[in-house]
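Visitor: need a structure here:
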Amino acid sequence: MESRRKKLIIAVASLAVLILLAVLAWFLWLRPAAPATPAASEPGAPSASGQLPKTGALPSQPAPGQEAVAGQPTTAVPAVSPAAALPRLASTFTERYGSYSSAGDFQNLLDLAPMMTDRLKGETETYIEAERQKTPSGEDFFGVTTRALSPVLITFDDGGGTALVAVDTVRSERLSGGRDATPYYQKLAVFLLKVNGQWQVDKAIWEQEKRARQ
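Guide: Residues are numbered from 1 along each chain as shown. As a prediction, the model looks like this:
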């Protein structure tokens with residue numbers, strides 16, 4: 001009788017251990033995994049619905065070694081050589097230099113001061129002062145509009161810092177009463193110097209004008 005009771009106790013204890021092990025195994029290995037939380041989409045990537053992000057979304061991160069530098073564009077802009085830039089600079093100078101009116105008080109020349117060397121700025125200031133001292137001619141209005149046609153780089157010495165550009169122009173005069181004179185062609189020789197790494201106009205000489213026949 002005593003032997004049967006011991007066997008029964010052992011059997012019950014063994015069954016309890018097996019049940020406990022089964023419960024632990026279910027929790028550790030057999031329990032269904034919880035649904036994963038969807039990861040946040042990377043900036044600039046399509047959403048789960050397949051729609052692109054709205055305008056204003058941040059761009060995707062650059063690849064390693066391609067980080068953008070603050071204040072600089074991500075796409076490299078090819079540099080323009082001085083030989084290509086000087087004709088455009090001379091054209092801009094010519095159109096402003098040759099366009100003026102009696103009512104403008106030499107503002108066209110004053111605006112060009114940043115493009116001039118100190119020598120040309122000094123000559124221009126002296127010219128303006130002398131012209132302002134003259135007695136008005138009595139002409140109500142006189143104006144000239146100059147348009148650059150084709151700049152040609154004549155000489156260029158980057159090492160020596162000198163260049164010469166010839167700019168062909170067409171010029172139109174407007175007189176008092178709204179009268180327009182016949183347009184004429186004229187060339188401006190623009191001499192440039194490189195000062196502290198910047199190209200500036202050192203001299204500008206108009207060649208003889210060529211008027212069309214009436």
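
Visitor: by contact count, what packs against the lengthiest strand in the chain?
Guide: Assignment by DSSP state E gives strand 142-157 as the longest strand of the chain. Applying 3 or more CB pairs under 8 Å, 6 or more residues apart in numbering; DSSP states H and E, we find strand 142-157 packed against helix 82-97, strand 100-101, strand 162-175. The way it works is simple: take the backbone N, C-alpha and C, and place the C-beta from them, glycine included.

Visitor: can you give me the helices in this protein?
Guide: All helices of the chain, identified by DSSP state H, fall at 2-25, 82-97, 107-111, 118-133.

Visitor: next, count neighbours for the residue lying closest to Ile128 once chain neighbours are set aside.
Guide: Take Ile128 and drop its neighbours on the chain: the residue closest to it by CB to CB, 6 or more residues apart in numbering is Phe106, 4.7 Å away. Residues lying near Phe106 (other CB atoms under 10 Å) number 16.

Visitor: residues touching Glu173, list them.
Guide: When contacts are counted by CB atoms under 8 Å, 6 or more residues apart in numbering, Glu173 is found next to 142-144, 180-181.

Visitor: again, only this time at 10 Å
Guide: Applying CB atoms under 10 Å, 6 or more residues apart in numbering, we find Glu173 in contact with 142-145, 179-184.

Visitor: can you give me the buried ones in the longest strand of the chain?
Guide: 143, 145-146, 148, 151, 153, 156 (16 or more other CB atoms under 10 Å).

Visitor: list the pairing partners of it within its sheet, with orientation.
Guide: Paired with strand 142-157 in the same sheet, following DSSP bridges, are strand 100-101 (antiparallel), strand 162-175 (antiparallel).
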